[in-house]
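*Asks:* for reference, the sequence and a predicted model appear below.
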Amino acid sequence: MNILMTLPQRGHRTVAALAASAWALPALAVNDLPGGPAVNQLDLHPPASKMAADIITLHNGMLIVCLVIFIAVFGVMFYSIFKHRKSKGHPAANFHESVAVEIAWTVVPFMIVIGMGVAATKTVVAQKDTSNADLTIKVTGYQWKWGYDYIKGEGEGIGFLSTLDVTHREMSDSGHPQGDDYLLKVDNPLVLPVNKKVRVITTANDVIHAWMVPAFAVKQDAIPGFVRDIWLRADKTGDFYGQCAELCGKEHAFMPIHVKVVSEGDYSKWVDGKLKEMAAKADDPNKVWVLADLIARGEKVYATNCAVCHKPDGSGAPPTIKALDGSPVVNDADKGKQLQVVLGGTAKGMPSWKQLSDTDLAAVVTFTKNHWSNKTGQLVQPSEVVAARK
Amino acid sequence: MSAVIDHGHDAGHHDDHAHGHPYGWRRWLFATNHKDIGTMYLLFSFTMLMVGGLLAMGIRLELFKPGLQFFNPELFNQLTTMHGLIMVFGAIMPGFVGFANWLVPLQVGATDMAFARMNNLSFWLLIPAAGMLVVSFFVPGGAPSAGWTIYAPLTLQMGPSMDIAIFSLHIMGASSIMGSINIIVTILNMRAPGMTLMKMPLFCWTWLITAYLLIAVMPVLAGAITMTLTDRHFGTSFFTPSGGGDPIMYQHIFWFFGHPEVYIMILPAFGIVSAIIPTFSRKRLFGYTSMVYATASIAILSFIVWAHHMYTTGMPVTGQLFFMYATMLIAVPTGVKIFNWIATMWRGSMTFETPMLWAVGFLFVFTMGGFTGLILAMAPIDQQLQDTYYVVAHFHYVLVAGSLFGMFGGIYYWGPKWTGVMYNETRGKIHFWLSLIFFNLTFFPMHFLGLAGMPRRYADYPMQFADFNAIASIGAFGFGLAQVYFFFAVALPMMRGQGEKAPQRPWEAAEGLEWEVPSPAPWHTFETPPKLDASATKVIG
């Protein structure tokens, strides 16, 4: 079985090197990303879990069977093409049916297919067995980022959002990207302990997304209103990358997944640190803010969450994405109007942002009301957001 | 238009008693002649192929290098969505209906289709439907951008073009259903005496079975898109979880249509190839009975495999196992067909004119698509490959190298019968080889991209995927140019009657009633049912 596993890896490096040198394409300076795609990768990712290794074995087995059938069938066909030609004077034979032959080439493929099915069955059953997990994580797909919540096991209570690095999105728009982790770098990676069975529950906030990490052979749709589970056990430490795998709107290509697998000791340290950090950051919703501070905070929230649709200059993309600069809703004397839109979303496509903290929401609404050409002078305190949620 | 050279009054058959011979725009708008309607379907299909191809060029232009250079991601998603919808519903399906219209009445010895006026409606409905699809780019919000599979709940976020597309799909569905009724009734009721079902050409069998598939599943698509429409505008929650709905139900309904749909798109190609290979091997089709049963098995099995498109939605283990086994089972009758075609070639006396090149090319490249389909059928492997470029590679191998190559083969094969002139053999060969080479250049690297994890429907991608994307884009442009070459160098001359005059039977070993009439086929043929020989391939007396 080892041969089956390593053949393609050994083979692909040679072929990739040949391919890269043979194709004198303008060389974009990029290297393999460990845990992510390799340059001109020809095969599945090197496995970081036993499940991924099993799937590679299954795939290699399928490739060999298909190759053998391919050579047999097309060997016969090309032989016939060369030998049974009118130009070579070959006369046409007369036969046009044979029950025995039909039975043979129905039964033999049928047996081959059964063999393949049997080989795959064990893996299918194993993939679905999420019982006895050491750690349970809830993954929520948003338009367009991932939310990770540690809901059972060491780290319970930790929750954060993971978004594509803002500079990468700008690089994309500029048309001149660079970097080995281009489109794969996030602000907050998911941190997992090595060698522990992790049950991953997927769901979504708005439309269907899919959480995929090829190195672990994990892919599961994140469906709004539903929870689905899958499991993984990383058997190596390191950084592993994936991307959203179900069309979810315009930023579908821009919501990557970064899983950082660390040793058990490092994981415990990270959990401690993270819990402390969350406790410290937990904003007191009763705090009374000064306008300038709240605007400054709001500018950061806007850049991370709103700018991708409403643009840094607030111009949006009318008619679907409203402009905030000069917006009647933003400039309305009744703060509740904008709060309702931001908390509840609209039927036309503005998602709800109720998952942001009261302080973040207060800050970003205050920012939009007092930036660009909007000069309402209004201040929305976090306590007003708390009230608006009711 | 002189696509069918009209020798109505002097080709040795008698005056048109039922109606005067129409000319000019009335001939086409009010057409009830299966040859004229067939021609219109084929021209429409080729036009849509070019439109869909233009959209593909846009996609490959953006994907040539990483980074966004030409389109924002929203527009890019519109390109991918409309490329899919236009190719499936505008190019492939109407193309095969064009073949059915031209050939089914000729091959069964009938004078026309059973319902000639409904035939007219079936075609002309497509024009406003296609117009709506194209126009959807220009309404506020642009064309739909939810993928050709238009999953809920993403479709609820689309602008008015989504409703336009739904309307268009309804119309095209109605056109397909009416066309299928026509084909079934014609085949079952209007065969010439002596042409039993088991003696008719396999092309008629594949279309008979395809027509049943169409009638069974187009209404299911209609259901799915109507529920999407009411969710969008009339307060229902079929697919919105907040109202108690289920997005996965959409997928079940869509793919219950969607899987038989892909067989609808390939079975007629099987029929075309089953006509070409025996002719150029100078040997009867091997295992005719077996081929009929295999086609029927494929069709029946196609109804019970739909959820292999949904392996990663989180279905229970039993579901995954059932759909995996059922899907892998379809490989068996498909393999049987491939073996039968090769057995037809075996110990024949082959020549390789352009139609045969397309048919053999089909065998080779379609089988490769079949292998990747078998690999995708394995649920654990699909976990890695679902929604990646591996799937894109697979379905383009079977749809382009399968359906489209089959159609090109059929155009070269029957073109002389339709137009009365031979195509230029050298140019035909150039078209074939350019298409085959550039096709493989475009789609083979996509297998690697998929294995490496590049997802579908991505406007931009990590830099490690750059080289294979660049190769694919170059291939795509070459492939597109090859089709433009085909139009100007082969199709247009044929339609204009420029070329060597075609004999009644340009291929010496061609058998079938279509070869028993002159080239070009007279406007009316078999006005009285022909007397047939024992094999039902020749007209006697």
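*Replies:* Received the coordinates, thanks.
*Asks:* ok, the most centrally placed residue in chain B - contacts?
*Replies:* Note on chain B: the residue nearest the mean C-alpha position is B:Ile92, at 3.0 Å, using C-alpha atoms, centre = their mean. With contact taken as C-beta atoms under 8 Å, 6 or more residues apart in numbering or on different chains, B:Ile92 is in contact with B:45, B:265, B:399, B:403-404, B:407. (Glycine included, C-beta is placed from N, CA and C.)
*Asks:* for B:Phe439, see how far away A:Cys248 is.
*Replies:* 30 Å (C-beta to C-beta, to the nearest Å).
*Asks:* of the two, which one has the most company?
*Replies:* The residue with more neighbours, out of A:Cys248 and B:Phe439, is A:Cys248; 26 against 23, by other C-beta atoms under 10 Å in any protein chain shown.
*Asks:* surely that one meets A:Trp144?
*Replies:* Yes. Between A:Cys248 and A:Trp144 a contact is recorded at 6.9 Å, counting by C-beta atoms under 8 Å.
*Asks:* what's the overlap in contacts for the two?
*Replies:* With C-beta under 8 Å, 6+ apart, A:Cys248 and A:Trp144 have common neighbours A:Met255.
*Asks:* okay, strands next: where are they in chain B?
*Replies:* Taking DSSP state E, chain B contains no strands at all.
*Asks:* and for the residue of it found nearest chain A, the neighbour number?
*Replies:* Nearest residue of chain B to chain A, counting by C-beta to the nearest C-beta: B:Pro241, 2.1 Å away. Using other C-beta under 10 Å, B:Pro241 is surrounded by 17 other residues.
*Asks:* please list the outside residues in contact with stretch A:383-390.
*Replies:* For stretch A:383-390, the surrounding residues in contact (C-beta under 8 Å, 6+ apart) are A:285-286, A:335-336, A:339-340, A:343, A:354, A:358-359, A:361-362, A:365.
*Asks:* switch to 7 Å and redo it
*Replies:* A:285-286, A:335-336, A:339, A:343, A:354, A:358, A:361-362 (C-beta atoms under 7 Å, 6 or more residues apart in numbering or on different chains).
*Asks:* now, of those residues, which are buried?
*Replies:* A:285, A:335, A:339, A:343, A:358, A:361-362 (16 or more other C-beta atoms under 10 Å in any protein chain shown).
*Asks:* near chain B, which of the residues you listed show up?
*Replies:* Filtering the buried ones among the contacts of stretch A:383-390 for proximity to chain B by C-beta under 7 Å from any C-beta of the partner chain leaves nothing.
*Asks:* Serialize the contacts of B:Ile92 to a markdown table and add fields for pLDDT.
*Replies:* Formatted as a markdown table, the contacts of B:Ile92 follow (pLDDT from 0 to 100):
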| residue | pLDDT |
| --- | --- |
| B:Ser45 | 98 |
| B:Met265 | 97 |
| B:Leu399 | 95 |
| B:Ser403 | 97 |
| B:Leu404 | 97 |
| B:Met407 | 98 |
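*Asks:* nearest residue to the closest residue to chain B within the stretch 101-250 of chain A in space, please, no chain neighbours.
*Replies:* Closest approach between the stretch 101-250 of chain A and chain B, counting by C-beta to the nearest C-beta: A:Gly225, at 2.1 Å. Sequence neighbours aside, B:Pro241 is the residue nearest to A:Gly225 in space, at 2.1 Å (criterion: C-beta to C-beta, 6 or more residues apart in numbering or on different chains).
*Asks:* list the residues that contact the one you found.
*Replies:* A:224-226, B:247.
*Asks:* farthest pair within the contacts of B:Ile92?
*Replies:* Greatest spatial distance among the contacts of B:Ile92 (C-beta to C-beta): B:Ser45 and B:Leu399, at 13.7 Å.
*Asks:* helices or strands up against the biggest helix by length in chain B?
*Replies:* Ranked by residue count and defined by DSSP state H, the top helix of chain B is helix B:202-233. Packing partners of helix B:202-233 (3 or more C-beta pairs under 7 Å, 6 or more residues apart in numbering or on different chains; DSSP states H and E): helix B:93-108, helix B:160-189, helix B:247-264, helix B:267-281, helix B:288-301.
*Asks:* tabulate those (a markdown table), appending mean neighbour count.
*Replies:* Formatted as a markdown table, these follow (neighbours: other C-beta atoms under 10 Å in any protein chain shown):
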| stretch | mean neighbour count |
| --- | --- |
| helix B:93-108 | 27 |
| helix B:160-189 | 21 |
| helix B:247-264 | 22 |
| helix B:267-281 | 27 |
| helix B:288-301 | 19 |
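*Asks:* where in the stretch 351-500 of chain B is pLDDT low?
*Replies:* Within the stretch 351-500 of chain B, no stretch has pLDDT under 70.
*Asks:* show me what from it comes close to chain A.
*Replies:* B:351, B:360, B:363-364, B:371, B:374-375, B:378-381, B:383-384, B:386-387, B:448, B:451-453, B:455, B:457-468, B:470.
*Asks:* cross the residues you listed against helices and list the overlap.
*Replies:* B:360, B:363-364, B:371, B:374-375, B:379-381, B:383-384, B:448, B:451, B:466-468, B:470.
*Asks:* outside of stretch A:336-355, which residues touch it?
*Replies:* Outside stretch A:336-355, the residues that touch it by C-beta under 7 Å, 6+ apart are A:143, A:147, A:205-206, A:305, A:320, A:329-330, A:332, A:361, A:365, A:385, A:388-389, B:157.
*Asks:* so which of those is the most crowded?
*Replies:* A:Val365 (28 neighbours).
*Asks:* host element of that residue?
*Replies:* Secondary structure from DSSP states H and E places A:Val365 in helix A:358-369.
*Asks:* next one: the following helix or strand past that helix to chain centre, how far?
*Replies:* The helix or strand immediately downstream of helix A:358-369 is helix A:382-389, counting by DSSP H and E. Centroid displacement of helix A:382-389 relative to its chain, using C-alpha atoms, centre = their mean, to the nearest Å, is 33 Å.
*Asks:* next, the angle from helix A:382-389 to helix A:358-369.
*Replies:* On the basis of axes from the mean of the first three to the mean of the last three C-alpha atoms, to 10 degrees, helix A:382-389 is oriented at 100 degrees to helix A:358-369.
*Asks:* just the mean pLDDT for helix A:382-389, thanks.
*Replies:* Mean pLDDT, helix A:382-389: 91.
*Asks:* and stretch A:263-281, by the same measure?
*Replies:* 91.
*Asks:* and the helices in the stretch 51-200 of chain A?
*Replies:* A:99-128, A:166-174 (DSSP state H, counting those that start in this stretch).
*Asks:* those helices: which one's closest to B:Ala476?
*Replies:* Taking the helices of the stretch 51-200 of chain A one by one with C-beta to C-beta, helix A:166-174 is closest: 21.7 Å.
*Asks:* what number of residues lie near residue 314?
*Replies:* All of this is about chain A. Per other C-beta under 10 Å, the neighbour tally for A:Gly314 reads 21.
*Asks:* let's do chain B instead
*Replies:* There are 21 residues near B:Gly314, going by other C-beta under 10 Å.
*Asks:* might you report the residue contacts of it?
*Replies:* A:220-221, A:228.
*Asks:* at 8 Å instead, please
*Replies:* A:202, A:220-221, A:223, A:226, A:228-230.
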